[in-house]
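**Student:** Provided below are the primary sequence and the corresponding predicted coordinates.
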Amino acid sequence: MDFLYSIDRAIFLFLNQTLSNPLGDVLWPLITDYDKLWPVRIVLGAVWLWLLIRGGRQGRTVAITLVLLLFLSDKLSSSVIKEIVGRPRPCHEMNGLPIMQSIHLLVDCGSGKSFPSSHAVNNFAVATLFTFYYRRWMYAFLGWAFLVALSRPAVGVHYPSDILAGALIGAFVGAFLIWVWLNIERRFFPAFEENASSKVET
């Protein structure tokens with residue numbers, strides 16, 4: 001465990017300090033908290049409404065499932081796993097001393113626990129959902145989720161293992177919810193399920 005932790009720290013320092021630069025100091029905070037920017041919120045809200053109103057059955061499925069997915073992924077990450085593991089963030093202090101020295105901290109550290117990264121969990125869960133229903137945009141969805149996850153050690157608030165675990169958990173939650181919904185469709189709405197499967201983009 002000490003060996004793995006030393007690797008985790010070394011990769012964190014590489015991402016957070018060695019690769020730091022003035023451009024990254026501007027972009028990484030914007031990427032990591034993109035969902036807090038009002039212009040982005042307006043665009044995301046408009047896309048969600050478009051899926052719900054004009055997206056057909058597939059769009060409505062994605063829009064409704066998205067709400068449940070974000071609720072489950074965030075609760076699982078923030079309220080369950082983080083509380084069980086209890087890992088402090090690299091930017092936290094213990095007994096009045098910083099856990100890691102000279103962190104290049106670009107955002108507020110926050111009081112939440114470190115493992116896993118909820119940003120990684122939520123964004124990879126969403127990317128998994130959208131990739132399943134809109135496969136032609138797979139690289140865009142997964143690429144953005146990866147970028148948001150990578151921003152967390154870059155701004156100094158998560159270890160690399162936090163974002164790796166978060167990506168895996170998020171992908172699992174997304175895949176699980178898709179599986180549950182497909183089985184519900186198959187059992188209760190077979191005609192709808194067959195029609196939806198034929199319309200999923202490849």
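**Tutor:** Received it, and whenever you're ready, just let me know what you need.
**Student:** by contact count, what packs against the longest helix seen in the chain?
**Tutor:** Ranked by residue count under DSSP state H, the longest helix found in the chain is helix 160-188. Using 3 or more CB pairs under 8 Å, 6 or more residues apart in numbering; DSSP states H and E, the elements in contact with helix 160-188 are helix 2-13, helix 56-74, helix 118-133, helix 138-155, helix 190-199. Every C-beta, even on glycine, is put in place using the N, C-alpha and C of the backbone.
**Student:** which ones are touching Pro98?
**Tutor:** Cys91, His92 (CB atoms under 8 Å, 6 or more residues apart in numbering).
**Student:** roughly how far apart are it and His92?
**Tutor:** Distance, Pro98 to His92, by CB to CB, to the nearest Å: 8 Å.
**Student:** on the three-state scheme, Cys109 is what?
**Tutor:** coil (DSSP: H, G, I helix; E, B strand; the rest coil).
**Student:** ugh, typo on my part, it should be Arg87
**Tutor:** Per three-state DSSP, Arg87 ends up coil.
**Student:** tally up the residues packed near Ser151, please.
**Tutor:** Number of residues near Ser151 (other CB atoms under 10 Å) recorded here: 27.
**Student:** this completes my enquiry, with thanks.
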